[in-house]
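K.L.:
pasting the sequence and the predicted coordinates here, then a few questions.
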Amino acid sequence: MLVATHQPIFLPWPGFFFKAMSVDCMVLLDSVQFPLGRGWMSRNRIKSNRGELWLTVPVSRSGRGLQPVCDVEIVYDRDWPSKHLKGIEQNYLNAPCFSEHFKEIETIYKRYPNLIATLNIELIRYLWEAFSVSSKLVLQSEIGVTGRGVDLIADICRALGAEEYLALSVARSRLDIALLERRGIALRFLQYRPMVYPQFWGDFLSNLSAIDLLMNCGPKSREIIMGD
């Protein structure tokens, strides 16, 4: 079995699904530490007539110290969900596949989940199905494995009975290949190159949230992601 891991980031970019489509199982790391500073756990970009548009989910940090991803709460002291949905609707209303997907995304938002992990995982599961990803999707919390770094990877692989682990090539310098091999895990690296596809609003922007690809290309998205 070939396994990959990734944090359950907010509205992931197409490369996330490229990695997912390249393995037998992807594990979402919902029990690791929520990153300090800015990252992709609570924000991502779509495209507007003025270029990239950031969608940011406010989360509770003050006085919380270091938090696992699964404990981080969303803040609803202002109506940011409506702002997100309005931004998506205004910029993709005329996209070929807007009507097929907007209502489902709106429904996820309007459940007003308490935790960022819940919101992100629900959106990932929707995109997973929309892109016809056949790989298994598993949560770290479901298999009961904790830890950090290479030890966490090895323990996840062992819990799933996997002999191989897949990482994007950009992570090569951060992984101890020899240590993984000593733990009985063979390491594979995957080169990802952003694909070009039809977009609205002028020059192509790469690595936006995958909803940009979905709204513009719909059922062709999987082929585009895999470069077919």
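P.N.:
Perfect, thanks for sending it. Residues are numbered from 1 along each chain as shown.
K.L.:
could you dump the top helix by length along the chain to PDB, C-alpha only?
P.N.:
The longest helix of the chain (DSSP state H) is helix 116-130. Extracted in PDB, the C-alpha atoms of helix 116-130 (Å, rounded to 0.1, in the frame of the first residue of the first chain):
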ATOM      1  CA  ILE A 116     -11.800  24.500  11.500                       C
ATOM      2  CA  ALA A 117     -11.000  20.800  11.100                       C
ATOM      3  CA  THR A 118     -14.700  20.100  10.600                       C
ATOM      4  CA  LEU A 119     -15.200  22.800   8.000                       C
ATOM      5  CA  ASN A 120     -12.000  21.900   6.100                       C
ATOM      6  CA  ILE A 121     -12.600  18.100   6.100                       C
ATOM      7  CA  GLU A 122     -16.200  18.600   4.900                       C
ATOM      8  CA  LEU A 123     -15.000  20.800   2.000                       C
ATOM      9  CA  ILE A 124     -12.200  18.300   1.200                       C
ATOM     10  CA  ARG A 125     -14.700  15.400   1.100                       C
ATOM     11  CA  TYR A 126     -16.900  17.300  -1.200                       C
ATOM     12  CA  LEU A 127     -14.100  18.100  -3.600                       C
ATOM     13  CA  TRP A 128     -12.800  14.500  -3.300                       C
ATOM     14  CA  GLU A 129     -16.100  13.300  -4.600                       C
ATOM     15  CA  ALA A 130     -16.400  16.000  -7.200                       C
END
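K.L.:
run through the helices of this protein in chain order.
P.N.:
14-21, 80-92, 98-109, 116-130, 140-143, 149-160, 177-182, 210-217, 221-226.
K.L.:
before we move on, the earlier item: what angle do the longest helix of the chain and helix 14-21 make?
P.N.:
Helix 116-130 and helix 14-21 are oriented at 70 degrees to each other (axes from the mean of the first three to the mean of the last three CA atoms, to 10 degrees).
K.L.:
got the buried residues for helix 116-130?
P.N.:
116-124, 126-128, 130 (16 or more other CB atoms under 10 Å). The way it works is simple: take the backbone N, C-alpha and C, and place the C-beta from them, glycine included.
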